[in-house]
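please find the sequence and the predicted model below.
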Amino acid sequence: MMKRCPASPAPIAVTERLARGLFSPLLFEDGKVLPAAVKIDELLPKRGHFDQCGDSSGVSVFRIDLADGDGQANAELHSIVNRPLKDGSQRVAVGFAVVLVSAVTEISDGPLLVLDDGKDGLVSHAVIRAPNDKERAALRRARDHLVSLMNKNVHKFPDANAQPVK
């Protein structure tokens, strides 16, 4: 894989681990990663993908094997949970689902791509997405497979059932 974004420290390796931040009630409930954690519209937006390093379309993940990758993932998750929902309720940080790049790119119902998406201050950011020529109707199986992979390796915070992390 080649490096795409100037701020990304290196091309993505198939041996890297990716972390998807999890919070309840929207992405994680009853001990399971929900399908909402991988939206079809994130895998393939109706108008196609856009590329702007740090904000490209796709499912947002962090390359946790990079220097401070886990710290950047943690900070980003906490910034999300500290924003109230539209109804005023609060999200609760649960932890991270961790998957290998090779497992994502080998999903038989894919292919799914993993692209570096680093920007200044967030160099470990990456996105998981479907190619623009993929049929949207076929993405449900790929999404369900990715959610299944995520459910196999959830790292919960010790106090995940407590209060939102500040």
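All right, it came through fine.

who are the contact partners of residue 70?
Contact analysis of residue 70 by CB atoms under 8 Å, 6 or more residues apart in numbering lists 19, 62, 64. For every residue, glycine as well, the C-beta is placed using N, CA and C.

neighbour-wise, which of these leads?
Among those, the one with the most neighbours (other CB atoms under 10 Å) is residue 62, at 30 neighbours.

show me what it is bridged to.
Counting by DSSP bridges, residue 62 is bridged to residue 19, residue 125.

so who does it touch?
So residue 62 contacts 18-19, 21, 69-70, 72-73, 76, 124-126 (CB under 8 Å, 6+ apart).

turn these into CSV, including distance to residue 38 and pLDDT.
CSV is the format used below for those (distance: CB to CB, whole Å; pLDDT from 0 to 100):
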residue, distance to residue 38, pLDDT
18, 12, 97
19, 14, 96
21, 12, 94
69, 20, 87
70, 21, 87
72, 20, 90
73, 16, 90
76, 17, 90
124, 19, 95
125, 16, 96
126, 14, 96
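
of these, which is the nearest to residue 116?
Using CB to CB, residue 126 is the member of these that sits closest to residue 116, with 5.5 Å.

pretty sure the closest one is touching residue 112, no?
No. The pair residue 126 / residue 112 is not scored as a contact, 12.0 Å apart, by CB atoms under 8 Å.

verify the stated contact: residue 18 with residue 103.
No. Assessed by CB under 8 Å, residue 18 is found out of contact with residue 103, at 9.3 Å.

circling back: ok, so of the contacts of residue 70, who is nearest residue 95?
residue 19 (9.1 Å).

can you give me the strands in the chain?
Using DSSP state E, the strands of the chain run over residues 17-24, 28-29, 32-33, 59-63, 92-100, 113-116, 125-129, 154-156.

out of those, nearest to residue 39?
strand 59-63 (7.5 Å).

now that closest one, how far from the chain's geometric center?
Centre-to-centre, strand 59-63 and its host chain are 4 Å apart (CA atoms, centre = their mean, to the nearest Å).

just to revisit the earlier point, settle it for me: which of residue 18 and residue 103 has more neighbours?
Just comparing residue 18 and residue 103: by other CB under 10 Å the higher neighbour count belongs to residue 18, 27 against 18.

what's the separation between the nearest residue to the more buried one once chain neighbours are set aside and residue 5?
Using CB to CB, 6 or more residues apart in numbering and skipping residues adjacent in sequence, the residue nearest residue 18 is residue 61, 4.2 Å away. According to CB to CB, to the nearest Å, residue 61 and residue 5 sit 14 Å apart.

please identify which of the two sits among more neighbours.
Using other CB under 10 Å, the more surrounded residue of residue 61 and residue 5 is residue 61, with 26 against 19.
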